[in-house]
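[1] mind looking at a prediction? Sequence and model below.
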Amino acid sequence: MDVPQTSEVAHIGKSVVIKGELSGSEDLYVDGKVEGKIELRSHSLTVGPNGIVKADVIAKAVVIQGKLDGSINASDRVELRKTAIVTGDVTTQRVAVEEGAFLKGKVEIQKEAGKAAPASS
Amino acid sequence: MASVTDNVMRFFRSSSNPADDPAASRKITRRSSGMGEVLRLLKSQEGLCVLDMGSTSPGNIAFFTGHGHKNYSEDLLRSSLDPALRKQNDAGNSVIDSKKFLDENLLYPNAHFDVVLCWNLPDYMEESLVKPTIDRLWSVLKPGGFLLAFFHTREAGPDSTCYRYHVTDTDMLEMQEVKFAPPGRPASEKQSPRLQRVFNNRHIETLFRDFASIKFFLARDSIREVLVVR
C-alpha cells in the first residue's frame, strides 16, 4: 500500500467526509470520501484503497487505489493500481494501468510540446 | 418467482470453480484476421477514437494510446449484470430494463468512434440487450468506421470459455479467461460468464443489417470473426 510517509503530504483519513472544492500546494492523500472538485496543479493526489472520490481532479500526478468517479486531468502522469475503480475520462502525458484495475472512460495522452508520450502498462 | 440474484447467476457458469484460479490469468494466443484488418487502419493513422468493450486491459490502453489514439474502455458485460437494471414485467418475472441500460451506458455523441472492439460481447450478454446495443453502436460509429465482433459457432459448446482480448503489434491476439465476482458477491467468488446463445450467420447478418458491409472470417477455434463497416 502506497501511503506517503513525508510530512509534505496532507492526509484525509478514512473516516473523513468532505464536500466542496479542495485546492492546495502540497501533495494530498485521500483515504476518506471527497465530493466536489480537487485542484492540486503542481502536486500529486493519491486516492488510497479506502478512498471514494466523486470529483473532477486536476493535478500534476494522480495515483488511484480506491474509487474515483470524475475526470482526471494530470499534467504529468496517472497510475491506476490493481484495486482502482475509475469512472471518468483521463487526460495526461503518461498513464500506467495495473492488471485488475477497472476503467470506464476515455484515456487521452496529451503530448508535451516537442516530445513523444509513451504509455506503459 | 426467481430472485434477482438467481437471474443474475444464470449468466455465470455453474461448472466454474468459485476459487480464484491462478490459471485464469494465463494468456493464450490466437490469430485474428479481423484484428489484422483493424490494425492496418490503426497503424496508418493517428488520433482515432477506439472503443474497447472488453474488461479493462492495461495492454490495450498502452497499445492504443502509444499509437496516438484515444482509448475508451467500457466493460458492457459487467455493466449489464448490475442488479439495479432489473425490473419486473407484467407477468411478475424479473427482466432487464434495456432502456435504463442504454440511459446509463454507451453515452457518446453520434459518429464518434473510428473503431469499436466488441469482442465476444453479444454471445455473453442478455439477449434483450444485444440488438439495442448494436443499434447504439451503429449510432456512435463514424460512417466508414469498423466494428469487430466474435461469435461462437455451434461446435463451441455451452461451456465455452469467456475470454478477454489483448491487442498485440501483430494479428495475434492474447486471450485471458474472464472471471469476476457476480454483483453483491465477494471478490473471492470469481466466476466465468456463461455463453448465452449461438448466433447463426443469418442472425448475425440481421443484427448488423444497418451497416454498410459485413465480412466473416471463420477460424479453427469455433469462432466466427465479423468485421462490419458502418
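    In hand now; what should we look at? Numbering: from 1, shown residues only, chains lettered A, B, ... in the order given.

[2] how many residues are close by residue 75?
    Since no chain was named, I'll use chain A. Counted with other Cβ atoms under 10 Å in any protein chain shown, residues neighbouring A:Ser75 total 16. C-beta here means a position set from N, CA and C on the backbone, and glycine is covered the same way.

[3] actually it's chain B I care about, not the one you picked
    Neighbour count for B:Asp75, taken as other Cβ under 10 Å: 21.

[4] OK, contacts around the closest residue to it other than its chain neighbours?
    What sits nearest to B:Asp75 in space, not counting adjacent residues and going by Cβ to Cβ, 6 or more residues apart in numbering or on different chains, is B:Ser55, at 5.2 Å. Applying Cβ atoms under 8 Å, 6 or more residues apart in numbering or on different chains, we find B:Ser55 in contact with B:75, B:77-78, B:164, B:178, B:180.

[5] just name the closest of these to chain A, please.
    Within those, the smallest distance to chain A is 6.9 Å, found for B:Asp75 (Cβ to the nearest Cβ).

[6] for the closest one, what are its contacts?
    A:102, A:104, B:53-56.

[7] go with 10 Å
    For B:Asp75, the set of contacting residues under the criterion of Cβ atoms under 10 Å, 6 or more residues apart in numbering or on different chains consists of A:102-104, B:52-57, B:105, B:121, B:164, B:178, B:180.

[8] ok, B:His166 next?
    Applying Cβ under 10 Å, 6+ apart, one finds that B:His166 lies in contact with A:121, B:27, B:29, B:52, B:54-55, B:57-60, B:62-63, B:172-176.

[9] chain B contacts on chain A?
    Taking Cβ under 10 Å from any Cβ of the partner chain as the contact definition, chain A meets chain B at A:80, A:82-87, A:89-92, A:94-109, A:111, A:116-121.

[10] now the helices for chain B?
    Along chain B, the segments classed as helices by DSSP state H run B:4-9, B:33-44, B:58-66, B:76-80, B:98-104, B:121-124, B:127-140, B:201-207.

[11] could you check the pLDDT of B:Met1?
    According to the model's per-residue confidence, B:Met1 sits at a pLDDT of 50.

[12] over to the one 3 residues further on?
    The predicted structure scores B:Val4 at 56 on the pLDDT scale.

[13] if you rank every helix and strand of chain A by mean pLDDT, what lands last?
    The weakest-scoring helix or strand in chain A, judged by mean pLDDT, DSSP states H and E, is strand A:9-12 (a mean of 93).

[14] flag the shaky bits of the chain, pLDDT-wise.
    In the absence of a named chain, chain A is used. Judged by pLDDT under 70, chain A has its weakly predicted residues at A:1-7, A:113-121.

[15] meant chain B, my bad for not saying
    Applying pLDDT under 70 to chain B picks out residues B:1-10, B:12-25.

[16] interface residues of it facing chain A?
    For chain B, the residues found near chain A under the criterion Cβ under 10 Å from any Cβ are B:25, B:47, B:49-52, B:55-76, B:78-79, B:105, B:108, B:166, B:176, B:180, B:187.

[17] redo the contacts of B:Asp75 as JSON lines? Include distance to B:Met35.
    Converted to JSON lines, these look like this (distance: Cβ to Cβ, whole Å):
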{"residue": "A:Phe102", "distance to B:Met35": "23"}
{"residue": "A:Leu103", "distance to B:Met35": "21"}
{"residue": "A:Lys104", "distance to B:Met35": "23"}
{"residue": "B:Asp52", "distance to B:Met35": "12"}
{"residue": "B:Met53", "distance to B:Met35": "14"}
{"residue": "B:Gly54", "distance to B:Met35": "12"}
{"residue": "B:Ser55", "distance to B:Met35": "17"}
{"residue": "B:Thr56", "distance to B:Met35": "18"}
{"residue": "B:Ser57", "distance to B:Met35": "13"}
{"residue": "B:Asn105", "distance to B:Met35": "24"}
{"residue": "B:Leu121", "distance to B:Met35": "15"}
{"residue": "B:Arg164", "distance to B:Met35": "14"}
{"residue": "B:Val178", "distance to B:Met35": "18"}
{"residue": "B:Phe180", "distance to B:Met35": "24"}
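
[18] fine by me, we can end here.
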